[in-house]
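Colleague: okay, sequence plus prediction incoming.
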There are 4 protein chains.
Amino acid sequence: MNRRLILVDPHPRTLDLIFDPDTRGRFDALGELVIHEGEPMPDELVDKHLDEAVLIIGQTAMPTERLQRARKLRAIINVETNFLPNIDYEYCLREGIHVLAPGSAFAPAVAEAALAMAIDLVRGIRAADRDFRAGREEYGLAGNRGSFMFTGAPVGLIGFGDLGQHFRRLIVPFRNPVRAYDPWLSDQFLRSHDVEPSSLEEVLATSRIVLAFAGVTADNQGFLDRRAFDVMQPGSAFLLMSRAAIVDFPELVRQATTGRLKVAIDVFPEEPVASDDPIRSVEGILLSAYRTGGMPEALFEIGRQTVGDAEPILRGLAPVSCRRAQRETVARMRSKPISMT
Amino acid sequence: MNRRLILVDPHPRTLDLIFDPDTRGRFDALGELVIHEGEPMPDELVDKHLDEAVLIIGQTAMPTERLQRARKLRAIINVETNFLPNIDYEYCLREGIHVLAPGSAFAPAVAEAALAMAIDLVRGIRAADRDFRAGREEYGLAGNRGSFMFTGAPVGLIGFGDLGQHFRRLIVPFRNPVRAYDPWLSDQFLRSHDVEPSSLEEVLATSRIVLAFAGVTADNQGFLDRRAFDVMQPGSAFLLMSRAAIVDFPELVRQATTGRLKVAIDVFPEEPVASDDPIRSVEGILLSAYRTGGMPEALFEIGRQTVGDAEPILRGLAPVSCRRAQRETVARMRSKPISMT
Amino acid sequence: MNRRLILVDPHPRTLDLIFDPDTRGRFDALGELVIHEGEPMPDELVDKHLDEAVLIIGQTAMPTERLQRARKLRAIINVETNFLPNIDYEYCLREGIHVLAPGSAFAPAVAEAALAMAIDLVRGIRAADRDFRAGREEYGLAGNRGSFMFTGAPVGLIGFGDLGQHFRRLIVPFRNPVRAYDPWLSDQFLRSHDVEPSSLEEVLATSRIVLAFAGVTADNQGFLDRRAFDVMQPGSAFLLMSRAAIVDFPELVRQATTGRLKVAIDVFPEEPVASDDPIRSVEGILLSAYRTGGMPEALFEIGRQTVGDAEPILRGLAPVSCRRAQRETVARMRSKPISMT
Amino acid sequence: MNRRLILVDPHPRTLDLIFDPDTRGRFDALGELVIHEGEPMPDELVDKHLDEAVLIIGQTAMPTERLQRARKLRAIINVETNFLPNIDYEYCLREGIHVLAPGSAFAPAVAEAALAMAIDLVRGIRAADRDFRAGREEYGLAGNRGSFMFTGAPVGLIGFGDLGQHFRRLIVPFRNPVRAYDPWLSDQFLRSHDVEPSSLEEVLATSRIVLAFAGVTADNQGFLDRRAFDVMQPGSAFLLMSRAAIVDFPELVRQATTGRLKVAIDVFPEEPVASDDPIRSVEGILLSAYRTGGMPEALFEIGRQTVGDAEPILRGLAPVSCRRAQRETVARMRSKPISMT
C-alpha cells in the first residue's frame, strides 16, 4: 500500500485543543503525519512534502504554484474554519481537491448562549440582578415592567447558516413564529427549515427579537444601519452574534444607550475593546467578549468533523460533515483570520 | 332558566390583571357576577349570596359552616393559585364541589427564565458582562474557563409538577439526560414524561445543573441542606425557583460565596430582602426578585384556565385545565399566601 | 406494621397477561394478596376479606352495602379499564376511595395501528396489494389515482381522550393541521394539546382524514349518521377506532360500499361478526377484528400503571398514572364489558 | 440586460406534472424558455441553442463536445432525478457547471408509505383484513399472535440518504432505537442525525424492522443475499423501498414464502412484473407497484426545487435545495432511467 502523507499545519489552533483523546487516536491513524504547531508551517517543510501530501489539515498558504505541485492532494481541511484568501480555490474546485471547513462546530455553543442572552434581554434578567445589587429591585409583576415573554414572541434571524439553523432547532418548544432573511438561500430552502422567508425590512419590523448570525461579505458591510434599527419596534431585542462588520456599530450602541433597543453583543470591531471605550458602561448592552463560540467542546467538534471527513476522503468517498468551499461564496467572504482561539 | 350567581373575590389579584379582553367577555357571560376587589369580600356580602352561588372565583374563606349553606355551589376556583387552609377541603371533596387552581399558568414564564438562568450560570454570561464592565474581560477560549456547555449536560429536577414538566419540554432540543426526584410521583409517571426517576442523592450527585421546583410541604422544609449541597459536584449549578423554605438558605448562600456552586435564586425567606442583606453583594448568585413567574401573560393564563373550566362545570361537565385539590396533598402543603402579585 | 390485604379479582383478565415478570414482583410485594382468576371472585371470598381489604384490583361488584363494610379500602383499580355500573361511585368519591382505570394503556397500540390504517387508506396500500394479486396493478403515478398524501392533510379527531392525544403526538412530524371535536373538553384544553377546537360539522367538513376515538355515552349513540358522513368530502377517509355504537353502522358501510368514503373499522356492533355478514366482502373497508389495542405490550402497561399507582396509594400519596372515575362522566359512560381480551 | 436562454428537455417527465401553477409562473419568468416535451429534445434543437443556453432543465445528453460549446451554461438540473451516464460530469465539475437533481422530492411520499407498510407488517394489518374476508378472523389478543409493536422496536436503515433521513424524522415519536448502515457516510454524520452507525451485520442482526433505502452502485448489487437475510431474527420485517438490484430477489421472495420474514416490496427486477409471476400469490409479501414515490405532490416538489435553485443560480448564487453530482459518487451509481413516471 502506498504512503499517505498528511501535512498538519493547524496554527493558530493546536492539536491538543481540537482533538479529544479518541479522535486524536483516529487522527494519528490516518497516515504519516507531518506536524508543525505554534506558527504557520515553514515554507521549506511545506515544500519538502508537498508532492507526497494527500491531505492538508490547516491553513497552509496554497497558491496556484504549490497546488500544481501537490499532485496527490485530495483535500484541504481548514481547522480555523473561515475560508480565507490563502488558497487558489478555483484551482482546487477544478481539480477535485476538496476545500473544507468544519464551520458548524461552533453552532451548539453559540446557539445556546444566544438563546440565554435573548431570554435575558426580553425578561430583564441581568438588569434585575444589577438592580438587586443596587438595592432597587422590585418584586413580582412590578419587577417585570418592560419585559415580555420569549415564548411565542416573533423571532427574526438575519443569516440562516449553521448558527441560525441550530438556533431555530433549539427554540422549537417555544413556538415562536420565525422569519429569516438570507439573500444566499432560496425561499424553498428556508421553508423546508421551518422559517418564513422574508425581506430584511419584514424581519426587522415584525420581530420582537432579532439575531444577527450573518457572515460578512463583500456586499453586506454595515448593512444594519440606523435606518434598519429604526424599523424595529421600540423595546425589541437585537443580538449581534456573528461579525461586527455587518452593523453600523456606533449606531447600534446609540440604540442601546437611548434605551430604544435591548442589545447583546458578542463581537466587536476591534478586539480587545479599548480599556476606555464608553461601551463598557452602557447598561443597555449585554456584553460578551467573543465568548459564545469558544468552548472546549466546540473545538473538539472541529477535530471530530475533520477526522470524520478525512477518513472517507482517503477511502475515495465524499466528505459529508464539513462545509465545502464554493465558487459563488468563497470569493465574497470577508472574514478576518482569528487572532486568538 | 335558573339564575347563576357567581361570587368573585379575587383579592390579592384583580380582574384586570387576570383577564385579557376576550376572556373577560366570556367571564362576564358566565352568569350574574357579584364582584368585590381590593380586599377580601366582606362577610356580609358573602353571607348574603352564599345560598345562591354556583361558583366562587377567588380565595373566600369557606369553613364547613359556610359550605353547608352553599347548597348550589359546584366549584371554587382559587385564582391566587396556592391551596391555602381557607377551605374545608374534605367537605368539598365529599360533596363533589371542585376546588381548583390554575397553577400551571406560571409554568411557561418560570421555565423560560429558569432555562436562561441555567445557561447563564454554566456559560458565565452575567459574570462575563460584569468582568467586561470592570475592564478585565478575556476573549474566546480564555474567557470560558470554568464554563461548560448546557447542551448535553446532566440535568436534575427536584420536584416534577407543572414547572418541572414544562422545563423538561423546553430542553428537549438540548438532549440532556434528565433525572427527577419527586416523592409524590411514581416512577411510572416520571418515565412517561422522559425523566429518569431518581433518589435525591442521585439527582444531586450526578447532575451538573440542579433546579429546585418543589413546593414546600409539612415534610420537606429545609431538606436541601449542607449535606445535600456537598453531594453536588464542585462547579455545578443550583437554581432555586419555587420556595425558599425548602433549602437551608444560609448554607446555599455560603456555597455560592465560596464559589463551590454557581447559584441562581428567585425566592427568598423574607421578601423584600433587607436592604443591608449581605446576599446583595455575593457575586456567585444570580439574583432575581421573585420575577420569573409574575408576567402579565402568566396572569392572563390564570383567567383563561378559570373561564376554560368554569364553562364546562356550569354545563355539568368536569374541569380539565386547572389543578384539583386532592385529599392526599392539600393537607401537606405549606404555601404562604402571596403578599404581592 | 399492619396487615395490608389486597383483593385481586381481575376476570376477564388474568395476572399473567397484565404483569411482566418485574411488575409481577412489585405487585406481589404490595401486601397479602387474595387472588381469584378465571371467573369473578365468589361472593363468599369477597365477603370474607372485605373488612380488611385496603385495595381491590379488578371488577368486583361493589354496591353501597359492600363499600360500607370495606372501611379500610383506599382504592379500586379496574384492570378491565372501562368504568362499568358495578360500583357505587358516588359513595367512593364521597369517602375518598379512589376508583381508577389504567385506560391509557392501550393508546400506543391503538394509535400506531390507526396511523398505519390512515396512511393505508389515503395512499391505497392494501387496495394496491389486492390489485397486484389480481394482475391489474398499475405502476408509479398511474397507480396512485385517487390517492393523496397523509403528510400535511387536514386531520380531524372525534374524541380527544387518551387515544386521540397519543395519536396527535405520533403525527407531529407529518405537520397536519389537526381539528378535534370533544364536547367534554374545553377549548383551552384542546389548544394546549395543539389541536384546533371545532364543532363536529367543522371537523367533518374540513378534514380529509377523520378518526373516531370517542367513547359511547348516554348522549352520543349513533351521532355519526348519514347527515354527518354526507358532510365529509368525497374520497376522504373515516376510521372507526373506539366504539361501534357511536355510528349509524349500516350507513357507514354504505358510504364505503358506494366508494364515497375510504373506511377502516376496528369495532363492530356484534363481535364476532356473523360469518355471512356482507361487510366481509366490501372492498372499500379495511377490516380489523378489534385488534388495534389487544397487544401483549398494552396489557403489560395495565399492570405497570396498576402497580405504579398502588404503591403511592399505600404510602398515603395520590395516584398519578391511572384515570380516575369522575362524577360528571362515570354516570354517562355506556361501555359494554369486554367479552374477550 | 442579456438574454437568458434556457433549454427545457424534461422527458420522460412533462412540465404539467412537475409544476404547480405558482411554480410554473416563476419558471416561465426565469428567462427565454426553449421547451420540448414528449421525447428527448432533438439534436438540431439542442445544437441550435447550445451556445446561448445558461441553464438546461432535463436530461439532455451532454457529452464533452457539447459542453465545450455551451460556454454560458451554469447548471443542468436533472428533473428525472437520477444521475445517469448522459453527461461528462468531470467536465462540468471542472468548469463550475452545477449538475443538480431534486432527489429529495420523493422522500415525504416514500417515507410515509414505508412507515405505514412497516407498521402493517409488524401488526399484521393487511393479513388480518384478508383473514376477515375469509371468515377466519380472530378478535383481540388472539388476533395478534405473531404481531409486535412498532413503537419502541429496533429499526435498521440500509442507506441513509434523503429517504432514510426523512423516515428517521417521521418515527421520532415512536422512540425506536435506530441503526443505520451506509458505507458512504461517516459515523460523525450518522450520529448527528440521531442514528447509530453500524455494520451491515449489526443492522440485520439487531433490528426487528429493516428498511432498504440504498441506491444501487457498482459495488452493492445483490449484497442483500441469503447470508444477509439469515442474520435477521425470524419474524422480523424487511422492506425493499429503493432498488431491486441491491437484493438477491429470489432469496427475498423465498424468505417471505417460508414465513421466515415479513416482507414489503415496492421495486421489482422487471416492471411490469410478469402476469404469471408466482410472487403475485405469496401471502407473506405486501406488494406495491413502484407506487410509494409517484405522487403528484412529489412531482410538484421536483418543480419547486428546480425553480428554487434556478433562481439563485441565475443571480450568481449557489444552489441549496437540489442534490449535486459529486465526483466520488456519480461514477458509481447504477440507476436505470425510469421508463414511466
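Modeller: Yep, it's here. Numbers count the residues shown, from 1 in each chain, chains lettered A, B, ... in the order given.
Colleague: and A:Ala228, how far from D:Arg208?
Modeller: For A:Ala228, the distance to D:Arg208 equals 55 Å [C-beta to C-beta, to the nearest Å]. Where C-beta positions appear, they are placed from N, C-alpha and C, glycine not excepted.
Colleague: list phi and psi for A:Met333.
Modeller: phi -70, psi 150 (degrees, to the nearest 10).
Colleague: that one: neighbour count?
Modeller: The local packing of A:Met333 (other C-beta atoms under 10 Å in any protein chain shown) involves 15 other residues.
Colleague: what bridges to it?
Modeller: Beta-bridge pairing for A:Met333 (DSSP bridges): A:Thr217.
Colleague: that one: what's it in contact with?
Modeller: By C-beta atoms under 8 Å, 6 or more residues apart in numbering or on different chains, the residues touching A:Met333 are A:Asn82, A:Phe83, A:Gly215, A:Val216, A:Thr217.
Colleague: ok, A:Ala237 next?
Modeller: A:Ala237 sits next to A:Ala118, A:Leu121, A:Val122, A:Arg208, A:Ile209, A:Val210, A:Leu261, A:Lys262, A:Val263, A:Ala264 when contact means C-beta under 8 Å, 6+ apart.
Colleague: so which of those belong to helices?
Modeller: Among those, the members found in helices (DSSP state H) are A:Ala118, A:Leu121, A:Val122.
Colleague: JSON lines please, covering those and showing distance to D:Arg327, neighbour count and pLDDT.
Modeller: Shown next, in JSON lines, are the ones in helices among the contacts of A:Ala237 (distance: C-beta to C-beta, whole Å; neighbours: other C-beta atoms under 10 Å in any protein chain shown; pLDDT from 0 to 100):
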{"residue": "A:Ala118", "distance to D:Arg327": "42", "neighbour count": "28", "pLDDT": "98"}
{"residue": "A:Leu121", "distance to D:Arg327": "47", "neighbour count": "27", "pLDDT": "98"}
{"residue": "A:Val122", "distance to D:Arg327": "48", "neighbour count": "23", "pLDDT": "98"}
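Colleague: turn those residues into JSON lines, columns for distance to C:Pro108.
Modeller: Putting those into JSON lines (distance: C-beta to C-beta, whole Å) gives the following:
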{"residue": "A:Ala118", "distance to C:Pro108": "36"}
{"residue": "A:Leu121", "distance to C:Pro108": "41"}
{"residue": "A:Val122", "distance to C:Pro108": "38"}
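Colleague: which of these lies closest to chain B?
Modeller: A:Ala118 (8.1 Å; C-beta to the nearest C-beta).
Colleague: please point out which parts of the lowest-mean-pLDDT helix or strand in chain A sit buried.
Modeller: In chain A, the helix or strand scored least confidently by mean pLDDT, DSSP states H and E is helix A:327-330, which has a mean of 90. Neighbour-count burial for helix A:327-330, counted by 16 or more other C-beta atoms under 10 Å in any protein chain shown, picks out A:Glu328, A:Thr329, A:Val330.
Colleague: kindly report the same for stretch A:187-202.
Modeller: By neighbour count on 16+ other C-beta under 10 Å, the buried set for stretch A:187-202 is A:Asp187, A:Gln188, A:Phe189, A:Leu190, A:Ser192, A:Val195, A:Glu196, A:Pro197, A:Ser198, A:Leu200.
Colleague: for B:Arg243, state which of those is nearest.
Modeller: A:Val195 (39.5 Å; C-beta to C-beta).
Colleague: mind listing the helices for the stretch 101-250 of chain A?
Modeller: For the stretch 101-250 of chain A, the helices defined by DSSP state H, counting those that start in this stretch cover A:107-123, A:125-133, A:162-170, A:187-192, A:200-206, A:226-231, A:249-257.
Colleague: for the stretch 1-150 of chain A, what lies in contact range of chain B?
Modeller: For the stretch 1-150 of chain A, the residues in contact with chain B (C-beta under 8 Å from any C-beta of the partner chain) are A:17, A:108-109, A:112-113, A:115-117, A:119-120, A:123-126, A:128-129, A:131-133, A:135, A:137-144, A:147-150.
Colleague: what subset of those residues is buried?
Modeller: Buried among the residues of the stretch 1-150 of chain A next to chain B (16+ other C-beta under 10 Å): A:17, A:108-109, A:112-113, A:115-117, A:119-120, A:123-126, A:128-129, A:131-133, A:137-141, A:143-144, A:147-150.
Colleague: neighbours of A:Ala298, how many?
Modeller: 23.
Colleague: next SSE after the host helix or strand of it?
Modeller: Secondary structure from DSSP states H and E places A:Ala298 in helix A:296-314. Following helix A:296-314 in sequence order, the next helix or strand is strand A:323-324 (DSSP H and E).
Colleague: which strands and helices lie in contact with that next one?
Modeller: Under the contact criterion of 3 or more C-beta pairs under 8 Å, 6 or more residues apart in numbering or on different chains; DSSP states H and E, strand A:323-324 touches strand A:98-101.
Colleague: quick one: strands adjacent to the strand it packs on?
Modeller: Here, using DSSP bridges, strand A:98-101 pairs with strand A:75-77 (parallel), strand A:323-324 (antiparallel).
Colleague: for chain A, which residues are neighbours of chain D?
Modeller: Counting by C-beta under 8 Å from any C-beta, the residues of chain A close to chain D are A:93-96, A:183-189, A:192, A:304-305, A:307-309, A:311-312, A:316-321, A:326-329.
Colleague: Produce a PyMOL select command limited to the buried residues of the residues you listed.
Modeller: Buried residues within these, by 16+ other C-beta under 10 Å, are selected in PyMOL with:
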select buried, chain A and resi 93+95+184+185+186+187+188+189+192+304+305+307+308+309+311+312+317+318+319+320+321+326+328+329
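Colleague: in chain A, which residue is closest to the centre?
Modeller: Computing the C-alpha centroid of chain A and ranking residues by C-alpha atoms, centre = their mean puts A:Ser242 first, at 5.6 Å.
Colleague: so who does that one touch?
Modeller: Each residue near A:Ser242 by C-beta under 8 Å, 6+ apart is listed here: A:Gly159, A:Leu163, A:Ala212, A:Phe213, A:Ala214, A:Gly215, A:Val216, A:Val267.
Colleague: against chain D, how distant is the residue nearest to it when sequence neighbours are not counted?
Modeller: Sequence neighbours aside, A:Phe213 is the residue nearest to A:Ser242 in space, at 5.1 Å (criterion: C-beta to C-beta, 6 or more residues apart in numbering or on different chains). Remark: distance between A:Phe213 and chain D (C-beta to the nearest C-beta, to the nearest Å) = 16 Å.
Colleague: what about A:Phe213, how many neighbours?
Modeller: A:Phe213 has 27 nearby residues by other C-beta under 10 Å.
Colleague: distance of the residue in the stretch 1-150 of chain A that chain C sits nearest to relative to C:Leu33?
Modeller: Closest residue of the stretch 1-150 of chain A to chain C, C-beta to the nearest C-beta: A:Met149 (15.7 Å). Going from A:Met149 to C:Leu33 by C-beta to C-beta gives 51 Å.
Colleague: give me the subset of the buried residues of helix A:327-330 touching chain B.
Modeller: Counting by C-beta under 8 Å from any C-beta, the subset of these that neighbours chain B is empty.
Colleague: thank you, goodbye.
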